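Peer 1: Provide a 3D model corresponding to the input given below.
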Amino acid sequence: MENLLDNLKSLLKKDERLVSEGELLKNKIIELALKLDKELIELLLSDEKIKEVFFKQVGEATIFDKDKFIKFVSNKQFLPDSYTAFKNKIGLAADDEFISEKKEVVLSWPYKDCVLEGGMTKEEQKRDEIFWNEILAPDEISRLLDPKVFTNAKRIDKNGEHKLDNFKTDENGDIKDNLIIKGNNLLAIHSLKKRFAGKVKLIYIDPPYYFHENKSEDTFNYNTNFKLSSWCVFMKNRLEVAKDLLSKDGAIFIQIDDDGLPYLKVILDELFGIENCITTIAVKVTSESGVKVSANKPVRVKETILCYFKSSDWKYNRQFVIDGTYDPNYSYFVENPDQEPSRWKIVNIKDKFLKITKNKKISEEDLYNFQIKYKNNIFSVRDISKELKEKYFSTNKNRFVVLKKENKPTILWKNGEVIFFSNKVRTINNKEFSVKYLSDIWIDISWDGIAKEGGVTLKRGKKPERLLERIIDMSTNRGDVVMDFFMGTGTTCAVAHKMGRQYIGVEQLDYGENSAVVRLKNVINGDQTGISKQVGWKGGGDFVYLELAKWNENFVEKIQKAKAKEELKQLWKIMKEKAFLSYKVDVKAIDENAKDFEELSIENQRRFLLECLDKNHLYVNYSEIDDEEYRISEEDKKLNKEFYEK
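Peer 2: Residues are numbered from 1 along each chain as shown. Just a heads-up that it's a prediction; the model follows:
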């Protein structure tokens, strides 16, 4: 066995693709074997002993036993490192196979960032995953998604922070408070199902992307270098419960870049149905400048918003965008619009412009301003159906026909319908503009100058308030519930607050002085950035802040922050007494091999301690709120009972 191992290692090191810093890359070997890579197979065939073990002769054909080869390479004796050797020694391992090769693995542990494939190390993958994320097999998932205990509750308004005595409810007992929740978003939205299933009108999210071409510049704290399969599971876990939260007439809008777009579209088509795709919106998010113009391809300036409704009950609040240019289709000027159409005196718009202004030259800007000023005099003729043409204009194309309607009559003339320019004029910020119907290409919302919106900063991750205003306006009405469970610094919630919507925001990361809580305090105090002037925002209102009650998550955070091995050593002592440890952990065996543990790198020590934690107990379950070990206060017990036991 040892000779075969050594022989195979020496042979594989001849392939430069399989070596990094003098060490073989186990995962790369498996990847090429799965692809039946020609160069790998030729290399294996070059050694008679290897050929004898991993190839079969069937007639004149030589067949590569791929499964046997992969199982051999996956064996713990092949390329063991100090960390693997330590785990093997104390028995903290399931068996000889990678978890990812087991067909029964169905759910990924829902951390903010991503999920490592079982058994694969950070060095092998050459990716930036946070090493303590992992995949759980079904028998390890028991209490993960149970409702969690809320704690540290407070109401925040213009007068500051106050103890939360109770939630605001309506006559049906529905919670009417705006909620900001700190904690893992998958667990938080599962906890929200009790009170908000079927009641959220709009969900907008801007999730972490599985690949980001400029991640070195990204200060958005998300790990954006996902492995695709992990990212897809990460998204599907959350979207499944998000659908449950949506009302029958609700919709979800998800912003994504080109890399994740096709995969997210497939997930949404499966969950919501292809027929329930409202539209796919292309949004221009940057300019054609900077380093990106040097790439050997057209400049990437857009992202995409995928829009799905839960059912056909969704209603679109029609939207318009500023046109602001002369429209030559509106070329008729009626001098006496208040009289019966049969008595109208109609002239060409340019002739009338010259007569009124006495200008010798006509610019399109002048004509546009003229159209705005005389919007009730200027009209175009829009095409009508063949049936109407035959009925009213078979003999006289120049006749006027007035079709009576309850609210406004329809005027027909010259084989068409009369449409006045006033129909496309809207008042925006006290100024009149011509507008056009909103399309699925949005290039009119600027990303420039949004850094100061809300008084918080978020490089690259921040969205313009104007973008969220449009999405909220087209999908909801005042009082409807809007949700964002990748809240970031709170753009969605800030805009919803200013627009009179109820909102729920969930965030796990700590943005400090740039957090959503800071931003919403600014909103309550009358923030005048973003859409404030446009919607006449003067301040006011409040929101409720909640946290998921931590247990093992406290140890996760302490392990991550540890700077020295001595800190981790002391944490292990506390963990043995206070933490919920995985059923795989043999405390006695670990302590007996303490010397081997001390020889691990600090990164691997962190990794090991995190693997010892039972991930079902990161947060306190509501079902165990009365357990004295968790020390849940009477105030928190009362509040959680009010939330969960309506």
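Peer 1: can you name the residues that contact residue 285?
Peer 2: If you count contacts by Cβ atoms under 8 Å, 6 or more residues apart in numbering, residue 285 has them with 301, 302, 303, 447. Every residue, glycine included, has its C-beta placed from N, CA and C.
Peer 1: neighbours around the first one, how many?
Peer 2: Look at residue 301: counted by other Cβ atoms under 10 Å, it has 16 neighbours.
Peer 1: now stretch 540-554: buried residues?
Peer 2: 542, 543, 544, 545, 546, 547, 548, 549, 550, 551, 552, 553 (16 or more other Cβ atoms under 10 Å).
Peer 1: next SSE after the helix ranked longest in the chain?
Peer 2: Counting by DSSP state H, the longest helix found in the chain is helix 228-245. Following helix 228-245 in sequence order, the next helix or strand is strand 246-256 (DSSP states H and E).
Peer 1: what ranges do the strands span in the stretch 401-550 of the chain?
Peer 2: 410-413, 416-420, 425-428, 431-437, 441-442, 481-484, 502-507, 543-548 (DSSP state E, counting those that start in this stretch).
Peer 1: parallel or antiparallel, list what pairs with the longest one.
Peer 2: In this case it means strand 431-437. Note on strand 431-437: by DSSP bridges, its sheet partners are strand 320-322 (antiparallel), strand 425-428 (antiparallel).
Peer 1: mind checking the pLDDT average for the last one?
Peer 2: It stands for strand 425-428. Confidence for strand 425-428, expressed as mean pLDDT, is 90.
Peer 1: ditto for stretch 363-381
Peer 2: Stretch 363-381 comes out at a mean pLDDT of 95.
Peer 1: next, the buried residues of it.
Peer 2: For stretch 363-381, by 16+ other Cβ under 10 Å, it's 367, 368, 370, 371, 372, 374, 375, 377, 378, 379, 380, 381.
Peer 1: neighbouring contacts of that stretch?
Peer 2: Stretch 363-381 is contacted by residues 324-327, 329-335, 337, 349-350, 353, 357, 359, 413-422, 425, 432-434 when judged by Cβ under 8 Å, 6+ apart.
Peer 1: list only buried entries from those residues.
Peer 2: 326-327, 330-334, 337, 349, 353, 413, 416-422, 425, 433-434.
Peer 1: picking up where we left off before, can you flag which of the buried residues of stretch 363-381 belong to strands?
Peer 2: Among the buried residues of stretch 363-381, the members falling in strands (DSSP state E) are 378, 379, 380, 381.
Peer 1: residue 342: what's it in contact with?
Peer 2: Residue 342 neighbours (Cβ under 8 Å, 6+ apart): residue 400.
Peer 1: what separates residue 480 from residue 320, distance-wise?
Peer 2: Remark: distance between residue 480 and residue 320 (Cβ to Cβ, to the nearest Å) = 21 Å.
Peer 1: let me redo that: residue 643
Peer 2: Noted for residue 643: a distance of 41 Å to residue 320, by Cβ to Cβ.
Peer 1: so the two - more neighbours on which side?
Peer 2: Shown here are residue 643 and residue 320; by other Cβ under 10 Å, residue 643 has more neighbours (22 against 14).
Peer 1: so that one sits in a helix?
Peer 2: Yes: judged by DSSP: H, G, I helix; E, B strand; the rest coil, residue 643 forms part of a helix.
Peer 1: quick one: contacts for it?
Peer 2: 150, 167, 175, 194, 195.
Peer 1: so how do I select the buried members of those residues in ChimeraX?
Peer 2: To isolate the buried members of these in ChimeraX, using 16+ other Cβ under 10 Å:
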select :150,167,175,195
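Peer 1: take the contacts of residue 643 and keep only those in helices.
Peer 2: Counting by DSSP H, these contribute 194, 195 to helices.
Peer 1: just give me the neighbour total for the closest residue to residue 44 other than its chain neighbours.
Peer 2: Once flanking residues are discounted, residue 44 sits nearest to residue 50: 5.2 Å by Cβ to Cβ, 6 or more residues apart in numbering. For residue 50, the count of nearby residues is 18 (other Cβ under 10 Å).
Peer 1: ok, now residue 470?
Peer 2: Neighbours of residue 470 (other Cβ under 10 Å): 20.
Peer 1: what residues are up against residue 162?
Peer 2: 154, 155, 156.
Peer 1: and it, what are its bridge partners?
Peer 2: Counting by DSSP bridges, the residues bridging with residue 162 are residue 155.
Peer 1: look up phi and psi at residue 487.
Peer 2: Residue 487 adopts backbone torsions of phi -70, psi -30, taken as degrees, to the nearest 10.
Peer 1: any idea how far residue 618 is from residue 384?
Peer 2: For residue 618, the distance to residue 384 (Cβ to Cβ) stands at 64 Å.
Peer 1: typo on my end, residue 328
Peer 2: 20 Å.
Peer 1: can you list phi and psi of the residue minimising distance to the centre of the chain for me?
Peer 2: Centroid-nearest residue in the chain, with Cα atoms, centre = their mean: residue 207, separated by 2.3 Å. Main-chain dihedrals, residue 207, degrees, to the nearest 10: phi -70, psi 170.
Peer 1: residues in contact with the residue nearest to it when sequence neighbours are not counted?
Peer 2: Setting aside the residues directly before and after it, residue 207 is nearest to residue 486 in space (Cβ to Cβ, 6+ apart), at 5.1 Å. Neighbour list for residue 486: 185, 205, 206, 207, 208, 506, 507 [criterion: Cβ under 8 Å, 6+ apart].
Peer 1: pLDDT-wise, what's the bottom of the residues you listed?
Peer 2: Within the set of the contacts of residue 486, pLDDT is lowest for residue 208 (82).
Peer 1: tally of neighbours for that residue?
Peer 2: By other Cβ under 10 Å, the residues close to residue 208 number 22.
Peer 1: wait, is it part of a helix?
Peer 2: No: counting by three-state DSSP, residue 208 is not part of a helix but coil.
Peer 1: now do residue 575, the pLDDT please.
Peer 2: Among the per-residue scores, residue 575 holds a pLDDT of 95.
Peer 1: ok, of the buried residues of stretch 363-381, which one's closest to residue 442?
Peer 2: Using Cβ to Cβ, residue 368 comes nearest to residue 442 of those, at 22.3 Å.
Peer 1: roughly how far apart are the closest one and residue 326?
Peer 2: Remark: distance between residue 368 and residue 326 (Cβ to Cβ) = 4 Å.
Peer 1: same check on residue 427?
Peer 2: Note on residue 427: its distance to residue 326, by Cβ to Cβ, is 19 Å.
Peer 1: helix or strand for residue 585, which one?
Peer 2: Assessed by DSSP H and E, residue 585 sits outside every helix and strand.
Peer 1: thought it was touching residue 612?
Peer 2: Yes: with contacts counted by Cβ atoms under 8 Å, residue 585 reaches residue 612, the gap being 5.0 Å.
Peer 1: just the CA trace of whichever strand or helix holds residue 596, in CSV.
Peer 2: Following DSSP H and E, one finds residue 596 within helix 594-598. C-alpha atoms of helix 594-598 as CSV (Å, rounded to 0.1, in the frame of the first residue of the first chain):
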residue,chain,number,x,y,z
ALA,A,594,-3.2,18.3,23.8
LYS,A,595,0.4,18.4,22.6
ASP,A,596,-0.6,17.5,19.1
PHE,A,597,-3.2,20.2,19.2
GLU,A,598,-0.7,22.8,20.3
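Peer 1: how many residues are close by residue 464?
Peer 2: The burial count for residue 464: 21, using other Cβ under 10 Å.
Peer 1: and the residue of the chain positioned farthest from its centre, helix, strand or coil?
Peer 2: Residue farthest from the centre of the chain, counting by Cα atoms, centre = their mean, is residue 395 at 59.7 Å. Three-state assignment for residue 395 (three-state DSSP): coil.
Peer 1: quick check: domain ranges of the chain?
Peer 2: 1-77, 150-319+442-548, 322-437 (automatic domain parsing).
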